[in-house]
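**Q** Predicted model, plus sequence, below.
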Amino acid sequence: MSNGTGAKIISFLVDISYTFIFVYSVQDIEWYLVSNPNYGVWRPMAENVEFNALESNSNAVMAVADTVRTTLGPKGLDKLLIDQAMNRHISNDGVTILLSLRAIHPVARMIVEIAERQEQLVGDGTTTAVVMAAEMIKEGKRLVKELGVHPTKVVEGIEGGVKEACQLLEIGAKRISLNEIALEQVVKTSLSSKLDGKKLSLLVTSALRSVEKNAIYNGSYNFDKTIMVLRRTNMEDRVINGIVLERRRMDPEMPLEVKEARVMIARLDLKPVKEAWVKENSKYAEILNMENDRVAKSKDLVNSLIATGANVILIASSEVDQVIENLLVANKVLAVRISIEEIEYLSRYTGATPVRMVDDLKKADILGKADHIYEDEDNGVIYIANGSSGGMATMIVSGTTKETSLERWRAAIDGINAAEAALNKGVVVGGGAAELHVIEKVKNLRLKGLEQVGLDVVTSALESIMRQILTNAGFNGLEKVMAVKASPDTFGIDIDSGDPVDMWKMGVLDPLLVKTMALEAAGEIAKAVLRIDRNLAAEDLSQQALSETKR
């Protein structure tokens with residue numbers, strides 16, 4: 001073999017393979033070719049690139065899953081999160097941990113984004129989704145690499161398996177009502193691994209039942225519109241019928257309380273003359289005229305506010321002129337600054353219509369009503385009780401430190417979300433039992449051709465939840481899973497004794513919606529990762545660049 005030929009072979013190996021092979025002589029090249037089992041058959045080494053990409057991407061998913069899988073179940077462990085400024089936080093909430101990760105790998109970042117979407121849609125099940133996604137990708141990679149199944153066949157099998165599993169879970173679900181004990185069991189199961197889970201479950205259940213049917217919007221429960229959750233380290237856990245604002249009066253000389261309150265929500269501009277306009281003028285006469293104009297306009301505006309009959313004004317304006325504030329004090333009006341986000345709650349509870357323009361002050365029925373509005377000076381909160389519309393509650397969640405109160409606050413919100421999902425779509429047995437008992441039925445599904453092997457990917461994921469929960473509890477997960485498979489459909493494992501038990505009778509229940517959404521999210525992740533055969537560096541993937549490319 002000539003030196004020219006050797007150079008060409010070196011070029012061929014480097015250009016096609018993405019694998020660096022150090023060759024020192026023509027003899028080395030000849031030895032490499034002869035020793036290769038595929039010698040004599042033209043087979044570009046570039047085909048291994050798809051395995052390299054799959055390996056890299058699957059490793060990224062497994063790394064993310066390994067971070068949160070030990071938090072799953074009642075015996076799950078916590079994670080200590082520390083940032084660069086040495087701020088720390090202890091949590092076992094899946095989405096909190098995932099959003100705190102400094103994920104660099106693009107697929108790892110994709111997992112975090114899908115987990116965030118799961119949290120936004122149902123408010124729970126992020127850890128379940130990530131664990132099942134990792135199991136699907138691990139099994140899917142085995143089929144692609146070891147058995148040579150084409151990724152598209154695996155993906156088609158996953159689609160069929162996920163759809164079938166979700167339908168089977170829906171068939172086995174039961175509907176519950178607000179006053180059933182099953183609702184308490186759902187909340188208790190959701191908070192079983194959280195800090196003070198038992199105490200918080202009672203608090204959440206009390207808040208849910210205090211709003212009753214008022215939480216129904218468009219035929220479905222939506223507790224986000226009727227329950228506010230406040231985090232306070234200086235107050236006890238409690239549920240209050242009404243709204244509690246973490247606010248104070250605008251001025252200490254304003255009334256401390258108002259009974260038979262007539263409430264206005266003001267979003268109009270309460271600074272008729274900007275200070276910047278005054279500062280821009282250098283002539284004393286012009287400044288004096290603007291100042292007089294400012295006072296006159298402020299008086300007119302306050303007179304218009306008072307003329308409506310309002311004795312409580314909730315102000316969401318960005319700026320309030322000091323003259324207006326002083327005039328409100330003089331007229332003994334209780335004024336409180338509120339955020340834009342609080343307007344919807346306050347408007348719904350009191351019946352007040354937000355005022356945006358001065359002309360709106362002339363309209364009828366812009367005021368809302370409440371029996372009692374007062375400030376708790378010691379705790380720095382405003383109470384609004386017995387609004388005209390009613391049907392709202394505020395849950396105050398305490399904690400000895402900022403970290404514990406934050407974790408308990410997140411747990412309370414998770415409990416509310418779990419209850420909402422359970423009331424809207426029904427419940428299934430928890431502890432991974434519902435997923436485990438549909439495996440055999442999923443296996444009975446008949447798909448055409450190699451798509452059938454994709455069902456193994458889904459069944460592995462369905463089994464992984466119970467196995468991981470039991471492993472986290474210190475049991476041999478595989479052994480206990482085998483015992484449950486031989487038990488009736490509603491059976492799972494008692495996390496304390498390790499014995500098979502009826503999960504319905506034990507009261508271990510999970511919302512159906514959390515299960516199906518987690519399974520669908522896991523399927524989406526697995527399909528996306530398994531279909532990638534190369535990771536490429538792109539120039540610019542911003543929305544603007546992509547839109548220009550389409551043109």
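**A** Cool, the structure landed.

**Q** Strands of the stretch 451-551 of the chain, residue ranges please.
**A** Assigned by DSSP state E, counting those that start in this stretch, the stretch 451-551 of the chain shows strands spanning 491-493, 500-502, 509-511.

**Q** So which elements touch the second one?
**A** In this case it means strand 500-502. Judged by 3 or more CB pairs under 8 Å, 6 or more residues apart in numbering; DSSP states H and E, strand 500-502 is in contact with strand 491-493. (Glycine included, C-beta is placed from N, CA and C.)

**Q** Repeat the analysis, applying 10 Å as the threshold.
**A** In terms of contacts (3 or more CB pairs under 10 Å, 6 or more residues apart in numbering; DSSP states H and E), strand 500-502 is packed against helix 433-436, helix 477-485, strand 491-493.

**Q** go on, the first one?
**A** In this structure, strand 491-493 packs against helix 433-436, helix 454-472, helix 477-485, strand 500-502, helix 503-506, with contacts taken as 3+ CB pairs under 10 Å, 6+ apart.

**Q** Who does that strand pair with, and is each partner parallel or antiparallel?
**A** Applying DSSP bridges to the sheet, strand 491-493 is found paired with strand 500-502 (antiparallel).

**Q** now the last one
**A** Based on DSSP bridges, the pairing partners of strand 509-511 within the sheet are strand 427-429 (antiparallel).

**Q** could you give the mean pLDDT of the strand it pairs with?
**A** Regarding strand 427-429, the rounded mean pLDDT is 95.

**Q** Domain map for this protein?
**A** Under the assignment automatic domain parsing, the domains of the chain span 3-43, 49-174+433-530, 181-242+397-425, 247-389.

**Q** looking at these, which is closest to A537?
**A** domain 49-174+433-530 (10.6 Å; CB to CB).

**Q** residue ranges with poor pLDDT in the stretch 451-551 of the chain?
**A** 540-551 (pLDDT under 70).

**Q** the strands in the stretch 151-300 of the chain, which residues?
**A** Under DSSP E, counting those that start in this stretch, the stretch 151-300 of the chain gives strands at 216-217, 220-221, 227-231, 238-241, 243-245, 257-266.

**Q** Show me what the fourth one is packed against.
**A** It stands for strand 238-241. Contacts defined by 3+ CB pairs under 10 Å, 6+ apart place strand 238-241 against helix 197-211, strand 227-231, strand 381-387, strand 393-397.

**Q** In a markdown table, list the helices and strands packed on strand 491-493 along with distance to V130.
**A** Formatted as a markdown table, those follow (distance: least, CB to CB, whole Å):
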| stretch | distance to V130 |
| --- | --- |
| helix 433-436 | 15 |
| helix 454-472 | 11 |
| helix 477-485 | 17 |
| strand 500-502 | 27 |
| helix 503-506 | 23 |
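
**Q** most tightly surrounded among these?
**A** helix 433-436 (a mean of 27; mean count of other CB atoms under 10 Å).

**Q** Put the alpha carbons of the next helix or strand after that one into PDB.
**A** Per DSSP states H and E, helix 433-436 leads on to helix 439-443 as the next helix or strand towards the C-terminus. The C-alpha trace of helix 439-443 is given here as PDB (Å, rounded to 0.1, in the frame of the first residue of the first chain):
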ATOM      1  CA  ILE A 439     -49.400  -4.100  32.500                       C
ATOM      2  CA  GLU A 440     -50.800  -7.500  31.500                       C
ATOM      3  CA  LYS A 441     -53.700  -5.900  29.600                       C
ATOM      4  CA  VAL A 442     -51.200  -3.600  27.800                       C
ATOM      5  CA  LYS A 443     -49.200  -6.600  26.800                       C
END
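
**Q** Let's have the helices and strands packed on strand 500-502 in a markdown table, adding distance to V457.
**A** A markdown table is the format used below for those (distance: least, CB to CB, whole Å):
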| stretch | distance to V457 |
| --- | --- |
| helix 433-436 | 14 |
| helix 477-485 | 17 |
| strand 491-493 | 23 |
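
**Q** tell me the contacts of E344?
**A** E344 makes contact with K225, P354, according to CB atoms under 10 Å, 6 or more residues apart in numbering.

**Q** right, and L72 touches G94 too?
**A** Yes: between L72 and G94 there is a contact under CB atoms under 10 Å: 8.2 Å.

**Q** Overlap in contacts, those two.
**A** With CB under 10 Å, 6+ apart as the test, L72 and G94 both reach T127, T128, V130, V131.

**Q** if we can go back for a sec, go through the helices and strands packed on strand 238-241 and name the closest to E479.
**A** helix 197-211 (27.3 Å).

**Q** Okay, buried residues for the helix or strand harbouring A419 please.
**A** According to DSSP H and E, A419 maps onto helix 402-425. Using 16 or more other CB atoms under 10 Å as the test for burial, helix 402-425 gives 403-425.

**Q** swap in stretch 294-307?
**A** Neighbour-count burial for stretch 294-307, counted by 16+ other CB under 10 Å, picks out R294, K297, S298, L301, V302, L305.

**Q** just these now: which is nearest V61?
**A** Closest approach between these and V61, by CB to CB: L305, at 58.0 Å.

**Q** Next, the closest one: phi, psi?
**A** phi -70, psi -40 (degrees, to the nearest 10).

**Q** Could I get the contacting residues of it?
**A** L305 touches 264, 266, 268, 270, 313, 324, 327-328, 331, 333, 335, 355, 358, 361, counting by CB under 10 Å, 6+ apart.

**Q** Now, those that are in strands?
**A** M264, A266, I313, A335 (DSSP state E).

**Q** ok, back up a step: from the shared contacts of L72 and G94, list just the buried residues.
**A** Using 16+ other CB under 10 Å, the buried ones in the shared contacts of L72 and G94 are T127, T128, V130, V131.

**Q** Surely the first one forms part of a helix?
**A** Yes: the secondary structure assignment for T127 places it in a helix, going by DSSP: H, G, I helix; E, B strand; the rest coil.

**Q** any idea how far it lies from V68?
**A** Between T127 and V68 the computed distance is 5 Å (CB to CB, to the nearest Å).

**Q** Check the second one too.
**A** The spacing between T128 and V68, counted by CB to CB, is 10 Å.

**Q** joint contacts of those two?
**A** What both T128 and V68 touch, as defined by CB under 10 Å, 6+ apart, is the set G94.

**Q** before we move on, back to that, ok, which of the helices and strands packed on strand 491-493 comes nearest L530?
**A** The nearest among the helices and strands packed on strand 491-493, by CB to CB, is helix 454-472 at 8.6 Å.

**Q** tilt between that closest one and helix 477-485?
**A** 110 degrees (axes from the mean of the first three to the mean of the last three CA atoms, to 10 degrees).

**Q** other SSEs contacting helix 454-472?
**A** Looks like helix 454-472 contacts helix 126-145, helix 151-171, helix 433-436, helix 439-443, helix 477-485, strand 491-493, helix 512-530 (3+ CB pairs under 10 Å, 6+ apart).

**Q** Identify each buried residue in the second one, please.
**A** Of the residues in helix 151-171, those scored as buried under the neighbour-count criterion (16+ other CB under 10 Å) are 151, 153-166, 168-169.

**Q** Report all helices and strands that it contacts.
**A** helix 126-145, strand 427-429, helix 433-436, helix 439-443, helix 454-472, helix 512-530.

**Q** Distance from the chain centre to the second one, please.
**A** Pointing back at strand 427-429 there. Remark: strand 427-429 is offset 21 Å from the chain centroid, using CA atoms, centre = their mean, to the nearest Å.

**Q** what does the last one give?
**A** Distance, stretch centre to chain centre, for helix 512-530: 15 Å (CA atoms, centre = their mean).

**Q** do the same with the first one
**A** Taking CA atoms, centre = their mean, one finds the center of helix 126-145 at 21 Å from the center of the full chain.
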